[in-house]
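Visitor: missing the sequence, but the structure's below:
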C-alpha cells in the first residue's frame, strides 16, 4: 500500500496547494513479520515451502521498484521504503544461507510434535517446539529457539529415535542463527509502530546492523551484508537523511556526505 500526504505550511492548518512538498510512504501490513514479540504456543501448520517464500518476496520487491520509478518522475514526491518490509527482505536473504539446517530442524520439530513424544516432553516439563511458517521469519526464529530448549532431550532420545538426531555442527549452527537473528527480532515490533519517527527508524536499523557486525563467523558476515544491501535502499534517501539531520539525537550518526544531501533536500 502506498500513502501520499502533503506537508502542512507553518502558518496554516490546511495543506498548501502551491510549492508543497509531498512525501509518499510505502507501507506494508504488520503481518509481514507476524507477531514478532510474542511466543505463541498455538500450533502453526503451514504447507508453504522455501520456494513459496522466495516467490512471495520477489513480486513485492519488483512492485516497490516500479512504484519508486513512477514517483521519481515527479520532483515534488519522495519515496520512503517500508522499514519492516525491508528488514523482512534482509532476513529472507540470510535464511537462504541456512536452508539445510532449517530443513533438518523442521524434521526434528515435526517428530517432537507427534502425540507420543509430546507426552514424553510433558513428563519432563518441557514445552512443545513451535513449527515455522516460512512466510513469517519470526516463526523460524521461534522454531529454532524452541528447539534449543529441548536439545538435551533430543540428544538423549536420538539413540532410539533416528529422526531426532542432529550433529554437533547442526546444533552449533542453530545456536549461531538464533544469536544473530535476535537483534533483528528485537527491533521488528519497533519498525511496525504506526507512530515511528524516521530518526528512530534510522537508529533502530543502525543499531541492529552494528550488533550483527560485532559478532563473528560466516553467518554474521552474510547477515550483515544482507542488512547493508537492503539498508542502502532504505536509508540512502534524501527525505530520511533530512529527518535524521534535523533530529539532534541521531544527527551524529550521519557522515559528511549524508549531511550535505540532507541540507540540499531541506
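Guide: Arrived safely, thanks for sending. Predicted model only: the values in this text are computed from it and were never measured.
Visitor: Now do the strands for the protein: every range, in order, please.
Guide: Along the chain, the segments classed as strands by DSSP state E run 2-6, 22-26, 77-80.
Visitor: now stretch 156-171: mean pLDDT?
Guide: The pLDDT scores in stretch 156-171 average 92.
Visitor: Quick check, residue 101 in contact with residue 171.
Guide: No. Applying CB atoms under 8 Å, one finds residue 101 not in contact with residue 171, separated by 9.2 Å. C-beta here means a position set from N, CA and C on the backbone, and glycine is covered the same way.
Visitor: Nearest spatial neighbour of residue 142, chain-adjacent residues omitted?
Guide: Using CB to CB, 6 or more residues apart in numbering and skipping the chain neighbours, the partner closest in space to residue 142 is residue 130 (4.8 Å).
Visitor: Tell me the confidence at the one you found?
Guide: 93.
Visitor: what's the burial count for it?
Guide: Residue 130 has 23 neighbouring residues, counting by other CB atoms under 10 Å.
Visitor: any chance you could read off phi and psi for it?
Guide: The phi and psi values for residue 130, taken as degrees, to the nearest 10, are phi -90, psi 150.
Visitor: picking up where we left off before, give me the more crowded residue out of residue 101 and residue 171.
Guide: A direct count of neighbours by other CB under 10 Å for residue 101 and residue 171 places residue 101 higher, at 20 against 17.
Visitor: For the stretch 51-200 of the chain, give me the ranges with low pLDDT.
Guide: The model of the stretch 51-200 of the chain has pLDDT under 70 over residues 51-61, 64-65, 67-77.
Visitor: where's residue 85 relative to residue 188, distance?
Guide: Residue 85 sits 11 Å away from residue 188, going by CB to CB, to the nearest Å.
Visitor: Pick out whichever of these two has more residues nearby.
Guide: Shown here are residue 85 and residue 188; by other CB under 10 Å, residue 188 has more neighbours (27 against 23).
Visitor: My read is that the more buried one contacts residue 84, right?
Guide: Yes. The criterion here is CB under 8 Å, and residue 188 meets it with residue 84 at 6.9 Å.
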